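Asker: here are the coordinates; sequence isn't available:
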């Protein structure tokens, strides 16, 4: 990420996100703001996918020249950082009285909801740890859930990374499956049933006994509820964290 020559030494995108830059003094027409630029880019990504976002497309949406954007955003990579922060939004408020597991469960569901609202976010490569206002607020909220446990600070951060990684991976898998179904025109139920039939044709009990056993139960014939795998995975992860919390106590 590029840096501005204003003495802060911070990446340009971080300066912009935290409001540490001065507004350009001349050039852009009145009314053009960093917030409007980010909002326009988010709208494009939501409508047409992340690949449709370009500086020229954003400028066209705002009715300004492409060059005028560069007085607010130095590069597309910087714009992506700001878009991601806007998409996440602030985390849901926590309840000081809730226990760590209930708090972390709410945190994970809130993060999943944010990614479901803006599925293009999972297409942005992770290049830095949380550094923008909303991402740091999400980190604060997650770590605060563990404040009354006996976990070390390093363990708390590791728990946060474990759960957030699970949420992001599940969101990306869901997005990929939905995109595949849109391309084929099939429902998830139809796709799962076709996959089960394919496995039945190419596998046998001698070479693939475990797969065959699952096929015989009909487990692969239907996808289940939309939240089933998320609930199962999150609960198993938190079971493991709970064992660690108990061990540290």
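Answerer: It's in. Bear in mind the structure is a predicted one, so any value in this text is a computation, not a measurement. Numbers count the residues shown, from 1 in each chain.

Asker: remind me, longest helix of this protein?
Answerer: The residue-count maximum for a helix in the chain (DSSP state H) belongs to helix 153-184.

Asker: all helices of this structure, in order?
Answerer: So, for the chain - with DSSP H - the helices run 12-17, 34-48, 55-62, 66-69, 76-88, 100-117, 133-145, 153-184, 188-202, 209-216, 228-248.

Asker: and the angle for the longest helix of the chain with helix 100-117?
Answerer: 30 degrees (axes from the mean of the first three to the mean of the last three Cα atoms, to 10 degrees).

Asker: enumerate the positions of helix 153-184 that are buried.
Answerer: Going by neighbour count (16 or more other Cβ atoms under 10 Å), the buried part of helix 153-184 is 155-157, 159-160, 163-164, 166-168, 170-171, 174-175. (Glycine included, C-beta is placed from N, CA and C.)

Asker: relative to residue 187, which of the residues you listed is nearest.
Answerer: residue 174 (14.3 Å; Cβ to Cβ).

Asker: which helices and strands does the lowest-mean-pLDDT helix or strand in the chain pack with?
Answerer: Every helix and strand of the chain was ranked by mean pLDDT, DSSP states H and E. The lowest is helix 12-17, at a mean of 80. Helices and strands touching helix 12-17, by 3 or more Cβ pairs under 8 Å, 6 or more residues apart in numbering; DSSP states H and E, are helix 76-88.

Asker: and the helix it packs on, what's buried?
Answerer: So, applying 16+ other Cβ under 10 Å, buried residues of helix 76-88: 77-88.

Asker: name the nearest of these relative to residue 44.
Answerer: For these, the nearest to residue 44 is residue 83 (9.4 Å; Cβ to Cβ).

Asker: pretty sure that closest one contacts residue 38?
Answerer: Yes: between residue 83 and residue 38 there is a contact at 5.9 Å, judged by Cβ atoms under 8 Å.

Asker: picking up where we left off before, how about the buried residues of helix 153-184 in CSV, adding distance to residue 191?
Answerer: Shown next, in CSV, are those (distance: Cβ to Cβ, whole Å):
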residue, distance to residue 191
155, 40
156, 39
157, 38
159, 34
160, 34
163, 28
164, 28
166, 23
167, 23
168, 23
170, 18
171, 19
174, 13
175, 15
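
Asker: which of those sits closest to residue 17?
Answerer: residue 164 (18.8 Å).

Asker: for this structure, what are the low-confidence residue spans?
Answerer: Scanning the chain with the threshold set as pLDDT under 70 gives 1-7, 22-30.

Asker: can you pull the contacts of the residue lying farthest from the centre of it?
Answerer: Here the centre of the chain is the reference, and by Cα atoms, centre = their mean the most remote residue is residue 206, at 41.3 Å. Counting by Cβ atoms under 8 Å, 6 or more residues apart in numbering, residue 206 touches no other residue.

Asker: distance of it from residue 80?
Answerer: 50 Å (Cβ to Cβ, to the nearest Å).

Asker: kindly report the same for residue 102.
Answerer: For residue 102, the distance to residue 80 - Cβ to Cβ - is 34 Å.
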